[in-house]
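Asks: Turn this into a model:
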Amino acid sequence: MQRFVPVPPDLQPWLMAAVVVDTPATLAQSHFPAMVSSMLVVRLAGQVHCRGALVPPSAWISASTTPTVYEHGGPVQAVGLVLQPGAAAALFAAALGQVNTMRPMAELAGPRWAEVECAVRGAADDGARLEVLCQFVRQNFAPPSPCESRRLQGLALLAAMGHRMGLGQRQFARRFVAHWGMAPKQFEVIARMNSALGHALDTPGSAVSVAELAADEGYYDQSHMGRDVRRLAGHPLQALVQGARTPVSAQWPLKVGVQAQQALAHLQSDQESARRR
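Replies: You can find the predicted model right below:
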């Protein structure tokens, strides 16, 4: 129904995952938690509404600070890319500082997007469709594009959250918000919640040790974590875990998210092993 597809090695600094979506008519909604990453999606069939507005057929969906519910109009088919947190602002100037929004891809990419979208819709299968999107990303950051330098600027702001790059607190916060669209503390809270959900789903079996998970993720206690999860993901932790493990569930985005985290962890492990050889 929903399929996670690993991204090519050269795109791993830019993409977390590729995704194929094929939901039956019986699945009326998709539930996404708040997240620091964003998505590039091309819908092939069906209709999707969010907060009463029709989601564009090809859209960039930004990072979000609240849980989001997407309403389906019949079966929905789509392909998409989950962008690394810093990728959107680096690839598309109009995405800089944007959160809680969705934009038609033509607005971000300009006239050339029409050709890309036509190639996606005309491709023979989902693998070919995703390759068209991957090639579009490659063309965006290929030298002499400034995309790589903008990506590194965003990562530098993340790395500087502890010492603020020698700037005053308010000055650093303004610079951070201008790039990321949210305050440093808000980014940290959402990223930690995303990590907690991923590790909860990655735990084998049905029982998740909430107290151990909270301690591992840096929460004061499990009540602290529980409040953040309910506020930023819309449901209690155990309900989210159970829903994500159900074959047909509105919580399917969580399952794709944990698969992306697992793929990243395996990649980092392989890279560390290669450095030690």
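Asks: Kindly export stretch 99-107 (C-alpha atoms) in PDB.
Replies: Extracted as PDB, the C-alpha positions of stretch 99-107 are listed here (Å, rounded to 0.1, in the frame of the first residue of the first chain):
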ATOM      1  CA  VAL A  99       6.700  26.100   7.600                       C
ATOM      2  CA  ASN A 100       3.100  24.900   7.900                       C
ATOM      3  CA  THR A 101       2.400  25.500   4.200                       C
ATOM      4  CA  MET A 102       2.100  23.700   0.900                       C
ATOM      5  CA  ARG A 103       3.000  25.200  -2.500                       C
ATOM      6  CA  PRO A 104       2.500  24.100  -6.100                       C
ATOM      7  CA  MET A 105       5.800  22.800  -7.400                       C
ATOM      8  CA  ALA A 106       5.600  25.100 -10.400                       C
ATOM      9  CA  GLU A 107       5.800  28.100  -8.000                       C
END
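Asks: How far does the biggest strand by length in the chain sit from its chain's centre?
Replies: The longest strand of the chain (DSSP state E) is strand 68-83. Chain-centre distance of strand 68-83: 13 Å, with C-alpha atoms, centre = their mean, to the nearest Å.
Asks: And stretch 6-24, by the same measure?
Replies: With C-alpha atoms, centre = their mean, you get 10 Å for stretch 6-24.
Asks: Who are the contact partners of Pro24?
Replies: Met1, Pro75, Val248 (C-beta atoms under 8 Å, 6 or more residues apart in numbering). Placement of C-beta: from N, CA and C, glycine included.
Asks: Touching, the last one and Leu27? I think so.
Replies: Yes: because the distance of 5.7 Å satisfies C-beta atoms under 8 Å, Val248 is recorded as touching Leu27.
Asks: shared neighbours, those two?
Replies: Joint contacts of Val248 and Leu27 (C-beta under 8 Å, 6+ apart) are Met1.
Asks: ok, the two, which is more surrounded?
Replies: More neighbours surround Leu27 than the other of Val248 and Leu27, with 16 against 11 (other C-beta atoms under 10 Å).
Asks: measure that one to Pro184 for me?
Replies: Noted for Leu27: a distance of 36 Å to Pro184, by C-beta to C-beta, to the nearest Å.
Asks: Return the set of buried residues in the longest strand of the chain.
Replies: Going by neighbour count (16 or more other C-beta atoms under 10 Å), the buried part of strand 68-83 is Thr68, Tyr70, His72, Val76, Ala78, Val79, Gly80, Leu81, Val82, Leu83.
Asks: Over to stretch 9-16?
Replies: Those would be Leu11, Gln12, Pro13, Trp14, Leu15, Met16, for stretch 9-16 by 16+ other C-beta under 10 Å.
Asks: next one: stretch 105-113
Replies: Quick answer for stretch 105-113 (16+ other C-beta under 10 Å): Met105, Ala106, Leu108, Ala109, Trp113.
Asks: now, which of these sits nearest Ser38?
Replies: Leu108 (10.7 Å; C-beta to C-beta).
Asks: you'd agree that closest one is up against Phe92?
Replies: Yes: using C-beta under 8 Å, Leu108 is in contact with Phe92, at 4.2 Å.
Asks: who touches both of those two?
Replies: Common neighbours of Leu108 and Phe92 (C-beta under 8 Å, 6+ apart) are Trp60.
Asks: Pick out the residue nearest the middle of the chain.
Replies: Ser37 (3.4 Å; C-alpha atoms, centre = their mean).
Asks: and it, what is it in contact with?
Replies: Going by C-beta under 8 Å, 6+ apart, Ser37 touches Met16, Ala63, Val82, Leu83, Gln84, Pro85.
Asks: same check, this time on Pro143
Replies: Pro143 touches nothing, counting by C-beta under 8 Å, 6+ apart.
Asks: Would you convert the contacts of Pro24 into TSV that also reports distance to Glu117 and pLDDT?
Replies: Shown next, in TSV, are these (distance: C-beta to C-beta, whole Å; pLDDT from 0 to 100):
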residue	distance to Glu117	pLDDT
Met1	24	70
Pro75	20	95
Val248	29	85
